[in-house]
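>>> mind folding the following:
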Amino acid sequence: MTHYRSTRLAMAVLATAAGLGLSACSSDKGATPTSSTPASPLAPNTTAASPADIAKQKATAAYLGMWSDMAEAATTSDWQSPKLVQNATAEALSKISRGLYADHYNGLFTKGKPENAPTVESVEPDDNPTTVNIVDCGDDSRWIKYRADDGQPANDSPGGRRHINAMAKKAVDGSWKITDFAIQDVGTC
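Below is the predicted model:
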C-alpha cells in the first residue's frame, strides 16, 4: 500500500497562521493522489463590515487619537507638536494649536488625560461615508493645568463632564481626521 501525504494551511486567525496536517491514503498503486478540501471547522462565520461601520470605527479612532495627541502635547504646551496633525485638521487643529500656544505663552502645562466615551451620532452618506458626527461626554477632571513657575494648579476649578460635538471627515488619502469640535461647559452631560 502506498501512502501519500499532503499538507494544507489553516485560515489565519487574528494575524496568526496555524498549520493543519491532513493525510490521504490510496490503495490504488497507479492512481494520482487527490486532495479534497473540506470546510475548515476553524472558519469563522463573518460578514463583511459595511462602509458605514468602517467609517464609524475609523472616525472614532481619529477622535480618541486627537485627544491623546493633545494630552501628550499639553504636558509641555507644545503647540507645534508633529503628532497633532495625525488625527486633527482644519478648525480642530487650529483650536488645539491656539490653546496650546496660549498655555505656553501664559506659562502653563497640563498633567493627566481627559476621559472620553464617544458615540457616533450620524454617518453621511451611508453607502460611501465622507462625514461622521460624533458626540461625547468628556471628563477633564483629571486633566489639570499647572503654572510652570511654581508647579501649583492654575485655577481652583475641578473640571468635570462636558458635552462635546465633533466632526470627522474622510481625507483624500482615505484617512479620517477630526475637522472641528465644540466643547460645552462643565455639567452639560
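>>> element containing the residue nearest to the spatial centre of the chain?
Nearest residue to the geometric centre of the chain (CA atoms, centre = their mean): residue 61, 2.1 Å. Taking DSSP states H and E as the definition, one finds residue 61 inside helix 51-74.
>>> and that helix, average pLDDT?
Average pLDDT, helix 51-74: 98.
>>> if we can go back for a sec, pretty sure the residue nearest to the centre of the chain sits against residue 178.
No: counting by CB atoms under 8 Å, residue 61 stays clear of residue 178, with 10.5 Å between them. Every residue, glycine included, has its C-beta placed from N, CA and C.
>>> hmm, back to that, list the contacts for the closest residue to the residue nearest to the centre of the chain other than its chain neighbours?
Among residues not flanking residue 61 along the chain, residue 176 sits closest, at 7.4 Å (CB to CB, 6 or more residues apart in numbering). By CB atoms under 8 Å, 6 or more residues apart in numbering, the residues touching residue 176 are 55, 58-59, 61-62, 132, 168-170.
>>> report the buried members of those.
For those, a burial check counting by 16 or more other CB atoms under 10 Å picks out 55, 58-59, 62, 132, 168-170.
>>> quick one, what contacts residue 84?
Contacts of residue 84 by CB under 8 Å, 6+ apart are 69-70, 73, 93, 96-97.
>>> helix, strand or coil for it?
helix (DSSP: H, G, I helix; E, B strand; the rest coil).
>>> and it, how far is that from residue 69?
6 Å (CB to CB, to the nearest Å).
>>> what does residue 127 give?
Here residue 127 is placed at a distance of 31 Å from residue 69 (CB to CB).
>>> neighbour count: those two, which is higher?
Comparing residue 127 with residue 69 by other CB atoms under 10 Å, the one with more neighbours is residue 69, at 19 against 8.
>>> so what's that one closest to, chain neighbours aside?
Residue 69 sits nearest to residue 83 (CB to CB, 6+ apart), 4.4 Å away.
>>> could you do residue 95 as well?
residue 181 (7.1 Å).
>>> just confirm that neighbour is within a helix.
No: checked against three-state DSSP, residue 181 lies outside a helix; its state is strand.
>>> and it, how many neighbours?
With other CB under 10 Å as criterion, residue 181 counts 21.
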